[in-house]
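Student: output the structure for:
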Amino acid sequence: MTKKIFLQECEAVLQGSIWKHEYRNFTKIIIKNCIFANRSNKHVILYNMNKNTIVGLILLTALFIGYTLYMQPSKEEMAERQRQQDSLQREQLMQELMQDTVEQASVTASQEQAVERKEVEEVVVQNKQLEENYGSFSLAAKNRQEASVIVENDLYQIRIGSKGGKIESVLLKDVWTHDTLPVVLFDADRSETVFGFSFTNNYLVFSTNELYFHSSLQNDTIRVKGSDSVQIAMRLYPNKTEAEFDTNSYVEFVYTIRGNDYRTELKVNFFNIDNYIDRTQTETILTWQTDLFQQEKNKDKGRTNEMAATTIFYSDANDVENLKESPDKGDSISYSTRLKWVSFKQQFFTSTLIADGYFSNATMVVNIPQNADEKTLKTMKAELTLPLDGKNQTFGLIFYFGPNKYRTLKQYNINLEGQIQLGGKLISWINKLAVIPIFNYFEGFNWSYGLIILILTLILKTVLFPLSYINYMSSAKMRVMKPETDEIAKKFPKQEDAMKKQQAIMAFNRQIGIKPMAGCLPMLLQFPILIAMFRFFPSAYELRQQPLLWATDLSTYDSIYSWDAHIPLLSSFYGNHISLFCLLMTVATLGYTVLNNKMMMTSMGNAQQMKMMKWMMYLMPIMFLGIFNDFASGLSYYYLLVNLITFAQMGIFRLVVNEEKLRNKLLANKSRTVTKSNWQKRMEDMVKKQQALAAQKNSGGLPPTKQRSNTSMHNKKKR
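Tutor: Residues are numbered from 1 along each chain as shown. As a prediction, the model looks like this:
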């Protein structure tokens, strides 16, 4: 056994003992008294000790083991000792954590102090900038939490905001867009809306639109019905001190909303503000700006109609004028004389600002936004000047938010209805005195608008029946006497005798009682009615979203089939949809054209002229197909009815008029003596002179006066 192995065995005996130093002393004693030798791979232990020594060692070992067993702690003592050690470790850990927390808190406090210092510095800089920009109204320019008041009556809902104290949005009730959404005239959440008065203070120019007003009502919804009314007051205060408002001076907006009225009254009160604005300021400019949104179905070229109808109208209460109606261009004007109202008009709705008195002058601008969404049509802006002449002053204004309905606008007696495009002065009276009253009358019966248009067409065609009869009779007379006119034409076969031929035919017609102009005049008298209808139907609010058969809205085009692909030429000329009413109208117009051409071919002798006219008349319905495909289906429906009723009238005329008797009656007139009127005599003299001049020109000679004139001119050139 080696020394190392012996020591390991001794250690194994006492490995449970915690008194390791006694164990080490004991092993040292044994080693001193033992001799180890290794001979021929045999382990020999020689003991050089006597008996007493061995007994002593055994006793010492027993004593050591007994002492060790006696002094070993119990399980409870060992658990208690472990708890004490764990407690010391936890206390040490807590101290370390507390130290880290203190250090972190110190760092956080330093950071918070830095942030607070930065915020204070920013507030100081902001206050300084506000004071530099807004002067005595710097407190009102601070960015407070915005609040709004919603007011709802029977017709619309408006939202009045604290910033600018302005109307931020207008929503019309029970009125829907083409995609069944509520009609919103404008909305500050969707685009920038400006309404504010400009002031100067110590050479600073600012607007109330940028300042925050105070109101006793915040984030409330108020409802008013019937004849009731409600007032909402918004006040703008100047600074009294750096942190306090001067509540004895203010600019006040007082809105009055009634339950059953499209109008909203606004009283603008300036109270004791002469100390806060320049005393030299004698006028203030009211800036009103907003974006107008798409309301109607206007896919493809249909968008052109709504875009063109969206513009600014203005009036001095007598004449109504407007900026350019263009689908792709803006316009502007500086109006130097006084105005009564300014209107941001769309196809069927309008937002109008009316002065109790007058605006001194105005600058108006219409722009087409470049980066706006596809629902935004145009940006409207008006700068209106009002006089400012005292510290306590009141301006009275009225907003109109509602439809472009003729009867509704006319009741206000300030010519608001003039912004509805009913044609010029020569045409609009037809719509105002005939068409609109008929519509309004039959509206009371709650009939379908398709039926009302049919009744309107029947009434107009009945009124025009005498003119249609005169037109037909003139054509019939020329038709039955065509053999005689052909015989006259054969007497003048040469081209240079065309004037003589025409003169002979006119004399013959006059002799037998045919008046060609009698057929043209009725057609000319009917033409203004066609133009009036062309202007009325696309502008008639009464037809908006009124269905008829397959058409869901008579105020816009009806589509039975559409496609998205762009087809060259076809998409540009016709569009990407098929309007059935327009198609039927075109077919009916072509049918009427064919029938009319047959009648004219048999009544007029110049075949070459009639051939050219015939192709022109065939081309017109094809052109109408491309034009009216995007127009109001109510207009195509009206023209279809006109053509069908005209067919019926012509059938009745052909049954009533006996052309054989008519021919005999005209032939009997050949023997009568016709007295020429002075106009006819002058016309004949003029024709004779032209014939004489033509004869001289063909023979190479010129009248003496002409010769002298040319000789004189030649002499002048020589000189």
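Student: show the pLDDT at G424.
Tutor: On the pLDDT scale, G424 is placed at 80.
Student: mind checking how far it is from T208?
Tutor: Here the criterion is Cβ to Cβ, to the nearest Å. By it, G424 lies 41 Å from T208. Any C-beta I mention is one placed from the backbone N, CA and C, and that applies to glycine too.
Student: same deal with S475?
Tutor: 70 Å.
Student: compare the two and say which is more crowded by neighbours.
Tutor: Neighbour comparison, S475 and T208: the larger count goes to T208, with 26 against 21 (by other Cβ atoms under 10 Å).
Student: contacting residues around that one?
Tutor: G164, G165, G196, F197, F199, L236, V251 (Cβ atoms under 8 Å, 6 or more residues apart in numbering).
Student: who wins on neighbours among those residues?
Tutor: G165 (28 neighbours).
Student: now do the helix or strand encompassing I58: which elements does it pack against?
Tutor: According to DSSP states H and E, I58 maps onto helix 51-71. Counting contacts by 3 or more Cβ pairs under 8 Å, 6 or more residues apart in numbering; DSSP states H and E, helix 51-71 is packed against helix 20-32.
Student: I'd like the average pLDDT over the helix it packs on.
Tutor: Across helix 20-32, the average pLDDT comes to 50.
Student: ditto for stretch 663-679
Tutor: 68.
Student: can you check stretch 245-254 too?
Tutor: Mean per-residue pLDDT for stretch 245-254: 90.
Student: ok, back up a step: show me the contacts of T208 that map onto strands.
Tutor: G196, F197, F199, L236, V251 (DSSP state E).
Student: which residues touch the first one?
Tutor: Read it as G196. If a contact means Cβ under 8 Å, 6+ apart, then G196 has G164, K166, S207, T208, N209, E210, L286, T287 as its contacts.
Student: which residue, other than its chain neighbours, is closest to the fourth one?
Tutor: To tie it back to what came earlier, the one meant is T208. The shortest distance from T208 to any non-neighbouring residue, by Cβ to Cβ, 6 or more residues apart in numbering, is to G196 (4.2 Å).
Student: now the one you found, which residues is it bridged with?
Tutor: T287 (DSSP bridges).
Student: quick check: nearest residue in space to I567, chain neighbours excluded?
Tutor: Excluding its sequence neighbours, the residue lying closest to I567 (Cβ to Cβ, 6+ apart) is N576, at 7.8 Å.
Student: neighbours of the one you found, just the number please.
Tutor: Neighbours of N576 using other Cβ under 10 Å come to 18.
Student: that one reaches S559, doesn't it?
Tutor: No. Between N576 and S559 there is no contact under Cβ atoms under 8 Å: 9.2 Å.
Student: and the pLDDT at the residue nearest to T208?
Tutor: Reported pLDDT for G196: 93.
Student: please apply the same query to the one 10 residues further on.
Tutor: F206 is assigned a pLDDT of 82 by the prediction.
Student: how about V320?
Tutor: For V320, the predicted pLDDT is 91.
Student: list the contacts of it.
Tutor: Taking Cβ under 8 Å, 6+ apart, we find V320 in contact with F313, Y314, N415, G418, Q419.
Student: show me which of those residues is closest to G135.
Tutor: Using Cβ to Cβ, Y314 comes nearest to G135 of the contacts of V320, at 33.2 Å.
Student: for the spatially most central residue of the chain, list each beta-bridge partner.
Tutor: By Cα atoms, centre = their mean, the chain has its centre lying nearest to F293, at 1.4 Å. F293 forms beta bridges with T376, as assigned by DSSP bridges.
Student: which SSE is L456 in?
Tutor: helix 449-463.
Student: can you name every helix or strand that that helix contacts?
Tutor: Packing contacts for helix 449-463, counted by 3+ Cβ pairs under 8 Å, 6+ apart, involve helix 436-443, helix 633-656.
Student: contacts for it?
Tutor: Against helix 449-463 from outside (Cβ under 8 Å, 6+ apart): 434-435, 438-439, 442-443, 468, 529, 542-543, 546, 548-549, 554, 634, 637-638, 641-642, 645-646, 649.
Student: buried ones among those residues?
Tutor: Neighbour counting by 16 or more other Cβ atoms under 10 Å classes 434-435, 438-439, 442, 468, 529, 542-543, 546, 548, 554, 634, 637-638, 641-642, 645-646, 649 among the contacts of helix 449-463 as buried.
Student: by neighbour count, which of the contacts of V320 wins?
Tutor: Y314 leads these on contacts (other Cβ under 10 Å) with 24 neighbours.
Student: list of residues touching whichever strand or helix holds that one?
Tutor: Y314 is part of strand 311-315, with elements assigned from DSSP H and E. By Cβ under 8 Å, 6+ apart, the surrounding residues in contact with strand 311-315 are 320-326, 331, 335, 339-345, 350, 362, 364, 366, 378, 380, 382, 414-416, 418-419.
Student: show me where the stretch 451-600 of the chain has helices.
Tutor: Counting by DSSP state H, counting those that start in this stretch, one finds helices in the stretch 451-600 of the chain at the ranges 465-480, 482-490, 498-512, 517-536, 570-573, 580-601.
Student: and of those helices, who's closest to T101?
Tutor: Of the helices of the stretch 451-600 of the chain, nearest to T101 by Cβ to Cβ is helix 570-573, at 74.1 Å.
Student: in that closest one, what counts as buried?
Tutor: In helix 570-573, counting by 16+ other Cβ under 10 Å, buried: nothing.
Student: which parts of the helix holding L456 are buried?
Tutor: Quick answer for helix 449-463 (16+ other Cβ under 10 Å): Y449, G450, I452, I453, L454, L456, T457, L460, K461.
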